[in-house]
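A.B. asks: with the sequence up front, the predicted model follows.
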Amino acid sequence: MKKWIAMILAAVMLLGTAGAEGMLAGGWTPAEDPAITDEVKTLLDKALDGLVGMNYVPVAYLGSQVVAGTNHAILCQGTVVYPNAKPSWKIIFLYEDLQGNVSIMNIADFDFGALCTYGAEAEPAK
């Protein structure tokens, strides 16, 4: 019985390693380097072509997901095209098909405050 459990665990670990290296379709792979390369900038420019009302400045390439093509996640600073508008943080999810066409899947708000839960369970001071 212990041998079977060990074999199953080894197989799960092997599959997890393969997914982390981008060999399996479906899972997101974090970027090894979040730098915005010319390739990432070109992908974003293709996807945003014709989109008006908001300027997006890419800040970090977050990762990719292999599907029938590739999904990409890019952290951007977005600013409404309006005088004195305050910037906000967005994660832009792109889909790049096998022919190199790029489209926007989603533009999600990135709320730094939602990430901080430190002290949230503590009672307020009286």
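C.D. replies: Yes, it's here.
A.B. asks: quick check: residue 96 vs residue 44, distance?
C.D. replies: Distance of residue 96 to residue 44, computed by Cβ to Cβ, to the nearest Å: 11 Å. Quick note: C-beta positions are derived from backbone N, CA and C, even for glycine.
A.B. asks: more crowded one of those two?
C.D. replies: Neighbours per residue, other Cβ atoms under 10 Å: of residue 96 and residue 44, the larger number sits with residue 44, 22 against 18.
A.B. asks: can you list the residue ranges for helices in the chain?
C.D. replies: With DSSP state H as the criterion, the chain has helices at 2-20, 38-48, 112-115.
A.B. asks: quickly, which of those bottoms out on average pLDDT?
C.D. replies: With a mean of 38, helix 2-20 has the lowest mean pLDDT of those.
A.B. asks: which ones are touching residue 52?
C.D. replies: residue 81 (Cβ atoms under 8 Å, 6 or more residues apart in numbering).
A.B. asks: where's it relative to residue 58, distance?
C.D. replies: Using Cβ to Cβ, residue 52 is found at 18 Å from residue 58.
A.B. asks: do residue 71 as well
C.D. replies: Distance, residue 71 to residue 58, using Cβ to Cβ: 16 Å.
A.B. asks: do the same with residue 41
C.D. replies: Residue 41 is 6 Å from residue 58, by Cβ to Cβ.
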